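K.L.:
What would the 3D arrangement of this be:
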Amino acid sequence: MADEDDKRDLARALRSPLTDGLAAAMPDPVVIVDMDGLAIVANTPARTLLPALRLGEPFVLALRTPDVIDAMRRVLAGGEAETALWSERVPIERLFEVCVAPLEAAPGALAGALMTLRDLTDHRRLERMRVDFIANASHELRTPLASMLGFIETLQGSAHDDARARDRFLAIMREQGRRMARLIDDLLSLSRIEQKQHVRPEAAVDLAQLARHVADTLAPLAREMDVEIRLDADDPVIVTGERDELLRVAENLIENAIKYGANQESPGADVVEIAVAGAGREGVLTVRDFGRGIAPEHLPRLTERFYRVDPGQSRAKNGTGLGLAIVKHILTRHRGRLAIASRLDHGSTFSAFVPLRLRP
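P.N.:
Predicted coordinates:
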């Protein structure tokens, strides 16, 4: 009976306005359990995360993960603080690190355990992205490098005195070297943009003038590919941004439309339409082609690094697979967004939205 009274006294020591206030101030879900494993304190994030959690009831009824429950029991038995992982898949896939630490009502008087649940979902996702990025970048660099090394070995051997083979191999090696240079340039650009992701640009940029400049710059490429550029960007559209970065956005979207949007088998497919206008609080650069279009399953992944709808076509046209990832990061830095609409055999429309510059 005395033991039960002691447990109740220890539990009461944990339940206090100070304890409740500290738990409420924590941004992460926090639960305090007594020596019997009953939940006696829980903040709002914990109640939201664990709908089955009820004060005065066993914590195991709210979270049935064996690793977490075993860690809690060991701590309540006098063990040191522990951590365990808990993952859920419904309604969305999430991963949490559960830290279980002993709580003492007085020195040497174990009263319960403090359980803090830290969301690792974004951390795990970013880690996977980092690993995938390194693997993809290594592959993209290794392929042309292996090709160049192969040609060098051939030139040092059987083709050493063959002038025709030497010229052909050197031309291929030059193109592979340029491919690696383009990839490295894009990787460096992406890194620079990410480093200043939270620094918002403040300059005034005329989106219409910028679109006209890019259209003029890419006119030779359009003529080479027999593509007509139709431009509707007469009136100034002033946005807040960094000109060089927005220039990169326009170049990427328009060049992609010229290279990948043309489809000579469809009437009118050799046209790229560019329009700049104001829409509410945003300036919008719209680039539309009338080519083959993009299948729906590809659309959500177009801005992923190294993602290609047609890898062979992309590499054949000197694509690195990083262009739209760079566009997305630039627009995110500008507090803007990229919208993509496409239907097979009806072409694609890419729209870059950038906040208009507010007049003082």
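K.L.:
Lowest-scoring secondary structure element of the protein by mean pLDDT?
P.N.:
helix 311-316 (a mean of 56; mean pLDDT, DSSP states H and E).
K.L.:
Any chance you could give me the helix or strand harbouring residue 83 in PDB, C-alpha atoms only?
P.N.:
Using DSSP states H and E, the element containing residue 83 is strand 82-88. Taking C-alpha atoms only, strand 82-88 is exported to PDB below (Å, rounded to 0.1, in the frame of the first residue of the first chain):
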ATOM      1  CA  GLU A  82      17.100   5.900 -24.800                       C
ATOM      2  CA  THR A  83      16.000   6.700 -28.300                       C
ATOM      3  CA  ALA A  84      13.900   4.600 -30.600                       C
ATOM      4  CA  LEU A  85      12.400   5.100 -34.100                       C
ATOM      5  CA  TRP A  86       8.800   5.100 -34.900                       C
ATOM      6  CA  SER A  87       7.400   5.300 -38.500                       C
ATOM      7  CA  GLU A  88       3.900   5.500 -39.800                       C
END
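K.L.:
Mind giving me the packing neighbours of that strand?
P.N.:
Counting contacts by 3 or more Cβ pairs under 8 Å, 6 or more residues apart in numbering; DSSP states H and E, strand 82-88 packs against helix 66-76, strand 94-106. Quick note: C-beta positions are derived from backbone N, CA and C, even for glycine.
K.L.:
Of the ones you listed, which shows the lowest average pLDDT?
P.N.:
Within the helices and strands packed on strand 82-88, confidence is poorest for strand 94-106, with a mean of 90 (mean pLDDT).
K.L.:
for the record, mean pLDDT for the helix or strand just after the least confident helix or strand of the chain?
P.N.:
Elements were assigned by DSSP H and E; along the chain past helix 311-316, the next helix or strand is helix 323-333. The pLDDT scores in helix 323-333 average 92.
K.L.:
Quick check: what element follows helix 323-333 along the chain?
P.N.:
In N-to-C order, the element after helix 323-333 by DSSP H and E is strand 337-343.
K.L.:
now that following strand: how far from the chain's centre is it?
P.N.:
How far strand 337-343 lies from its chain's middle: 17 Å, per Cα atoms, centre = their mean, to the nearest Å.
K.L.:
which of the residues in the top helix by length along the chain are buried?
P.N.:
In the chain, assigned by DSSP state H, the helix with the most residues is helix 121-156. Residues of helix 121-156 classed as buried by neighbour count (16 or more other Cβ atoms under 10 Å): 133, 136, 137, 140, 144, 147, 148, 151, 155.
K.L.:
That concludes my questions; thank you for your assistance.
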